[in-house]
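Participant: A structural model of the following input is requested.
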Amino acid sequence: MKEILFVGAGSVGGYFGAHLARHNPNVSFLLRPRTREAIAKNGLTIRSAIGESFTVHPTVASDPRELPQPDLIVLGIKAYNLDEVMDQIEPLVKPDTIILTLQNGVTIEDTLMTRFGRERIVGGVAFIYSKIAEPGVIDHYKKGMLTIGEPLGMETPRLQAMLALFKGAGIPCFINPDIRRAKWEKMCWNCVFNPLTVLLNDRVAKALDHPEFQPVIATIVREVSAVAMAVHRVPLDEDMPEKVVKWAQELRDIHTSMYDDWLAGRPTEIDELNGFISEQGRAFAVPTPMNDMLTAFIVAMTASKPSAEDAIEVGGDIMQTLHFTRTTLAQLPAMHQISELPTLMPGMNIRGVKLQALLDVVTLDVGADHVTFESQDGKFSACLTMKQAVEFGVLVYELDGAPFPSERGGPFRLVTPGLGDLCANVKQVGKMIFSKGLVSDSRPPQVCPEKE
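Facilitator: Residues are numbered from 1 along each chain as shown. Presented below is the predicted three-dimensional model:
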């Protein structure tokens, strides 16, 4: 194991990789450009609260072709980056290259085996609490230990070689004859405290110190254990809930990696943790209601915005500002959906929704009686009475099964068949604003019939 490659220099890969690089000149890193630039300029720094702080200057690159072919590849990246990383490292993998994964999740090894072959994969579990302070700087607070093992449980020469490698760098490392079970045990802990620290916006201790959480913790763990046994044939101890709480007592003053990712606006591993348990439960008829709920909460809390799609903002004199996208408009009741407008758009395979459907889900302030439609550039607006909007208003959002094109006034276009299209034909609608009385209206007054 002369040439060693770490993929990622985050809180896990950065810490363990830096320790190896301190003792081995043949350690290199495959990194994203921003992190690569920082480490190339300033080195990789470990600032430890319980040990020695130091800086190393390893070989770094963002293009795997710039690195030597490794004997050992250590994956220290988030589980959701696995597909991208497998594509990156494939050109570097030799017939005898070993891949050690330190990622969360219980199917990582299986995915790697499918791509690279069973003979190349070794499983690992990292026990550490550290954070990315900035690219190339890792703050280390607690632990810093590895457990490694062959997926089939044998103790092999390559495990002994890795053990010697890590111990020689001052990293506590142990061989576990049942690494799959070890990963499921960590999965139990992760599925409890990662989402709970986000929901509580606090440290692990907040959940431990309130007795009301004890049955919650036990239920989460039992659901994970049920999936482990029923789906993956990995039996976990009956007292796993108690063990999880005991392990957590040592880490009661920490935030979790999911909490840190959420706070920093980074993606979380919810899909690989509770989301995976939830998905497996649905697929194999194993009830997982607590993990279902935690997944839903974290997905909603960590979404940066309602959707990446174009959206109409609905505001003004209403209880809550809302956003409607093409997807959400299509989910409104079928009775309000329009598939053709022969008088205005003859022969076009359009899809639109009556404004009545939007009014059904918007809670108006008392006295609101008008709604104004504004174009995205703010240069054109049309104000309708509520009666006109209900009787005549249609919002077109689709053409031939695709978003309504901008050259035809999309992605959202207001038309009012029966009232006269010129009366309220707002292209590229960006906002709907409810009001008490008439507000902004850029239409010539003679174009439309007198407002009721």
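
Participant: which SSE is L20 in?
Facilitator: According to DSSP states H and E, L20 maps onto helix 13-23.

Participant: how far off centre is that helix?
Facilitator: Distance, stretch centre to chain centre, for helix 13-23: 27 Å (Cα atoms, centre = their mean, to the nearest Å).

Participant: so after that helix, what's the next helix or strand?
Facilitator: strand 27-30.

Participant: by contact count, what packs against that next one?
Facilitator: When contacts are defined as 3 or more Cβ pairs under 8 Å, 6 or more residues apart in numbering; DSSP states H and E, strand 27-30 sits against strand 4-7, helix 13-23, strand 59-61. The way it works is simple: take the backbone N, C-alpha and C, and place the C-beta from them, glycine included.

Participant: distance between it and the chain's centre?
Facilitator: Worked out by Cα atoms, centre = their mean, strand 27-30 lies 26 Å from the chain centre.

Participant: got the contact list for that strand?
Facilitator: 3-9, 13, 17, 20-21, 36, 39, 44, 58-62, 64, 67-68, 70, 88-89 (Cβ atoms under 8 Å, 6 or more residues apart in numbering).

Participant: ok so, going back, among the helices and strands packed on strand 27-30, which comes closest to G117?
Facilitator: Closest to G117 of these is strand 4-7 (Cβ to Cβ; 17.8 Å).

Participant: where does the prediction get shaky in the stretch 1-150 of the chain?
Facilitator: Counting by pLDDT under 70, the stretch 1-150 of the chain contains no low-confidence range.

Participant: please enumerate the strands of it.
Facilitator: 4-7, 27-30, 44-48, 54-56, 59-61, 72-75, 98-101, 121-134, 137-149 (DSSP state E, counting those that start in this stretch).

Participant: measure L67 to A79 for me?
Facilitator: In this view, L67 and A79 are 23 Å apart by Cβ to Cβ, to the nearest Å.

Participant: rewinding a little: other SSEs contacting the helix holding L20?
Facilitator: The helices and strands touching helix 13-23, judged by 3+ Cβ pairs under 8 Å, 6+ apart, are strand 4-7, strand 27-30, strand 44-48, strand 54-56, strand 72-75, strand 121-134, strand 137-149, helix 157-168.

Participant: so how far is M145 from G105?
Facilitator: Distance, G105 to M145, by Cβ to Cβ: 19 Å.

Participant: these two: who's more crowded?
Facilitator: When G105 and M145 are compared for neighbours, G105 comes out ahead with 22 against 14, by other Cβ atoms under 10 Å.

Participant: the more buried one touches E269, doesn't it?
Facilitator: Yes. Between G105 and E269 there is a contact under Cβ atoms under 8 Å: 7.4 Å.

Participant: and for the two, which residues touch both?
Facilitator: Joint contacts of G105 and E269 (Cβ under 8 Å, 6+ apart) are A79.

Participant: closest to F276 out of the helices and strands packed on helix 13-23?
Facilitator: strand 121-134 (16.3 Å).

Participant: okay, the angle between the closest one and strand 137-149?
Facilitator: 170 degrees (axes from the mean of the first three to the mean of the last three Cα atoms, to 10 degrees).

Participant: just give the nearest non-adjacent residue to L355, would you?
Facilitator: Excluding its sequence neighbours, the residue lying closest to L355 (Cβ to Cβ, 6 or more residues apart in numbering) is G393, at 3.5 Å.

Participant: kindly apply the preceding question to R181 instead.
Facilitator: Using Cβ to Cβ, 6+ apart, the closest residue to R181 is V234 (5.7 Å).

Participant: and if you look at F276?
Facilitator: G105 (6.8 Å).

Participant: how near is that neighbour to V192?
Facilitator: Taking Cβ to Cβ, one finds G105 at 15 Å from V192.

Participant: same check on I217?
Facilitator: 5 Å.

Participant: for these two, indicate the residue with more neighbours.
Facilitator: V192 (30 against 23).

Participant: so the strand or helix carrying that one versus helix 157-168, what angle?
Facilitator: Here V192 sits within helix 179-200, counting by DSSP H and E. Relative orientation of helix 179-200 versus helix 157-168 (the same axes, to 10 degrees): 50 degrees.

Participant: which strands or helices does the helix or strand just after helix 179-200 pack on?
Facilitator: Going down the chain from helix 179-200, the next helix or strand is helix 204-208, by DSSP H and E. On a contact count with 3+ Cβ pairs under 8 Å, 6+ apart, helix 204-208 meets helix 179-200, helix 213-232, helix 240-249.

Participant: buried deepest among those, which one?
Facilitator: Of all these, helix 179-200 carries the top mean neighbour count, a mean of 23, counting by mean count of other Cβ atoms under 10 Å.

Participant: which strands and helices sit next to that one?
Facilitator: strand 121-134, strand 137-149, helix 204-208, helix 213-232, helix 240-249, helix 257-264, helix 274-284, helix 289-302.

Participant: and it with helix 274-284, angle?
Facilitator: 120 degrees.

Participant: so how far is helix 179-200 from its chain's centroid?
Facilitator: So, by Cα atoms, centre = their mean, the centroid of helix 179-200 is 16 Å from its chain's centroid.

Participant: next: stretch 269-279.
Facilitator: 10 Å.

Participant: can you tell me the average pLDDT over that stretch?
Facilitator: Mean pLDDT, stretch 269-279: 97.

Participant: for stretch 348-357, same thing?
Facilitator: pLDDT averaged over stretch 348-357 gives 93.

Participant: stretch 268-288: end-to-end distance?
Facilitator: 20 Å (Cα to Cα, to the nearest Å).

Participant: ok, stretch 61-72 next?
Facilitator: Start-to-end, stretch 61-72 (Cα to Cα) is 17 Å.

Participant: in that stretch, what's buried?
Facilitator: A61, S62, P64, L67, P70, D71, L72 (16 or more other Cβ atoms under 10 Å).

Participant: stretch 429-440 too?
Facilitator: V429, G430, K431, M432, I433, F434, S435.

Participant: ok, now stretch 164-182?
Facilitator: By 16+ other Cβ under 10 Å, the buried positions in stretch 164-182 come out as L165, F166, A169, I171, C173, I175, N176, I179, R180, R181, A182.

Participant: what does that stretch rub up against?
Facilitator: With Cβ under 8 Å, 6+ apart as the test, stretch 164-182 has contacts from 1, 4, 16, 19-20, 22-24, 72, 106, 109, 123-125, 144-151, 153, 155, 159-160, 162-163, 232, 234-236.

Participant: just stretch 142-157 next, same as before
Facilitator: Here stretch 142-157 makes contact (Cβ under 8 Å, 6+ apart) with 15-16, 49-51, 100, 102, 109, 113, 118, 121-130, 159, 162-163, 166, 171-180, 182, 250-251, 254.
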